[in-house]
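**Student:** 3D, please:
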Amino acid sequence: MPLLPETVREVDARVARAQAEGRAPSLLVGVVRDGDLAHLATAGGHPRPDADLQYRLGSISKTMTAVLILQQRDAGRLTLDDPLERHLPGTGVGGLTLRQLLGHASGLQREPDGRWWERTSGGDLATLLAGLTPDKLAFPPHRAYHYSNLAYGLLGGVLEAVTGTPWFALLRERVLEPLGLRRTTYQATEPFARGYVVHPWHETLREEPRTDTGAMAPAGQLWSTATDLARWAAFLADPDPAVLAPQTLTEMCVPVAINDLESWRGGHGLGVELYREGDRVYLGHGGSMPGYVAGLVVHRPTRTAAVSFANSYGMRNGHHITALARGVLTHVLDAEPTPPAPWRPAATAPVGELADLTGRWWWMGIEYEFRTDAGDLLGGPVGLATLRFTPEGPDRWRGRSGGQDGEILSVLRDDAGRAVGLDIGTFVFTRSPDQEP
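**Tutor:** Numbers count the residues shown, from 1 in each chain. Next up, the predicted model:
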């Protein structure tokens, strides 16, 4: 669905301003709706950006590494609470769990030993592991949020140990090819934007090296385009079950650590960053490599996202590539709210047990109302249908929303077989406020 003309003008103006003030040789922001790239705003001409031009993803690569880990968990080849030692023995930090590494709650130091890994050719996994000793722990696990690139190099090693397949070959087979991400590659593939550092005083450009980061590649190696990153954003909003179960992606969005204890505006799930903007929560990730910055922000409830790239190492005058994407996404959602799904009458009235459970129920003097919805039982305080239950067997239903998610609703019947109570996790609802629960 295309954006309204006035929304396009505002998005384009934000991108033009960010490019001019932020001193980015080229800059783009794409808006994603319902799985498609609905609008691409571009600015700058060094080179002129378009939807097929490659930039470097940087740490957005971590979101794909995390999906590979969760795939292996769902296949039963590992658990998130496995210690690192189980898959990479003898590291010196083997008590850390995969969950802690994914959520930056391991306390592991930010970078591997040696020279700055992002700007130099990387070594192999054996070299990475050889540098691991207990003094690489900056904090005890879960004492504090501490972002660690090193953690994702180790997760890539875990994937190779579990599957016998190198990280990028596994990524190509299990993620890139199934989702059609044909322009997401390990090394830059023409056409691609050269990456620069902008000189602070005379505003000339210094081209940065395009490195193979070796064992650290799972933390930030990948290159991609606006078209491919939009497809990845669409996947994170509404995953293809053939690649990752929807409930698993929802699990990835549960906070492992909050990175802002003063205002709780940011946190980290299993491989994805979480951002709170007012009453909305976005997921995504930022990325940077020498010469490049990138942003990915997704609002799952509306299947709307924003992706962003620039070919400079950072932006000037208070501009930030991920904040730009968040601002564009928020503006689109505010300016063009998703209309509610139209109500449609049911073809037939409910029968049997489902019909027996509809109507008014009471709990502790509060009136509740239950009705049918596509074979489920939907209810809550009158006028607030916040609870959903799906059938699991005779007189047994499973909660699928809110505070009753996962809880069991059992139907209580009298000697005549009539439903006289709903036992929801030991809280008994009755047909009359005068009945004892």
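
**Student:** alpha carbons only for contacts and neighbour counts from here, please
**Tutor:** Fine.

**Student:** strands of the stretch 1-150 of the chain, start to end?
**Tutor:** Here the stretch 1-150 of the chain has its strands, by DSSP state E, counting those that start in this stretch, at 26-33, 36-44, 55-56.

**Student:** tell me which of the ones you listed sits most buried.
**Tutor:** Ranked by mean neighbour count, the strands of the stretch 1-150 of the chain are led by strand 55-56 with a mean of 32 (mean count of other C-alpha atoms under 10 Å).

**Student:** low-confidence regions, the stretch 101-250 of the chain specifically.
**Tutor:** For the stretch 101-250 of the chain, no stretch has pLDDT under 70.

**Student:** dump the strands of the stretch 1-150 of the chain to TSV, plus distance to Val382 and mean pLDDT.
**Tutor:** As requested, these are exported to TSV (distance: least, C-alpha to C-alpha, whole Å; pLDDT from 0 to 100):
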stretch	distance to Val382	mean pLDDT
strand 26-33	34	98
strand 36-44	38	97
strand 55-56	52	98
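
**Student:** kindly reformat the ones you listed as JSON lines containing distance to Val198.
**Tutor:** Formatted as JSON lines, the strands of the stretch 1-150 of the chain follow (distance: least, C-alpha to C-alpha, whole Å):
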{"stretch": "strand 26-33", "distance to Val198": "12"}
{"stretch": "strand 36-44", "distance to Val198": "14"}
{"stretch": "strand 55-56", "distance to Val198": "16"}
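
**Student:** wait, which of those is closest to Pro350?
**Tutor:** Smallest distance to Pro350 across the strands of the stretch 1-150 of the chain (C-alpha to C-alpha): 35.4 Å, for strand 26-33.

**Student:** what does that closest one rub up against?
**Tutor:** Outside strand 26-33, the residues that touch it by C-alpha atoms under 8 Å, 6 or more residues apart in numbering are 1, 15, 19, 37-50, 226, 230, 233-234, 303-311, 325, 329.

**Student:** please, where are all the helices along the stretch 151-300 of the chain?
**Tutor:** Ranges of helices within the stretch 151-300 of the chain are 167-171, 177-179, 226-237, 246-252, based on DSSP state H, counting those that start in this stretch.

**Student:** for those, state which one has the densest average packing.
**Tutor:** The most buried one of the helices of the stretch 151-300 of the chain (mean count of other C-alpha under 10 Å) is helix 226-237, showing a mean of 25.

**Student:** and it, what does it pack onto?
**Tutor:** With contacts defined as 3 or more C-alpha pairs under 8 Å, 6 or more residues apart in numbering; DSSP states H and E, helix 226-237 has these neighbours: strand 26-33, strand 36-44, strand 292-299, strand 304-310.

**Student:** what angle separates that helix from strand 26-33?
**Tutor:** Orientation check (axes from the mean of the first three to the mean of the last three C-alpha atoms, to 10 degrees): helix 226-237 against strand 26-33 gives 40 degrees.

**Student:** excluding sequence neighbours, find me the nearest residue to Ala130.
**Tutor:** Leaving aside its sequence neighbours, Ala130 sits nearest to Thr91 (C-alpha to C-alpha, 6 or more residues apart in numbering; 7.4 Å).

**Student:** check contacts around that neighbour.
**Tutor:** 85, 129-130, 132-133.
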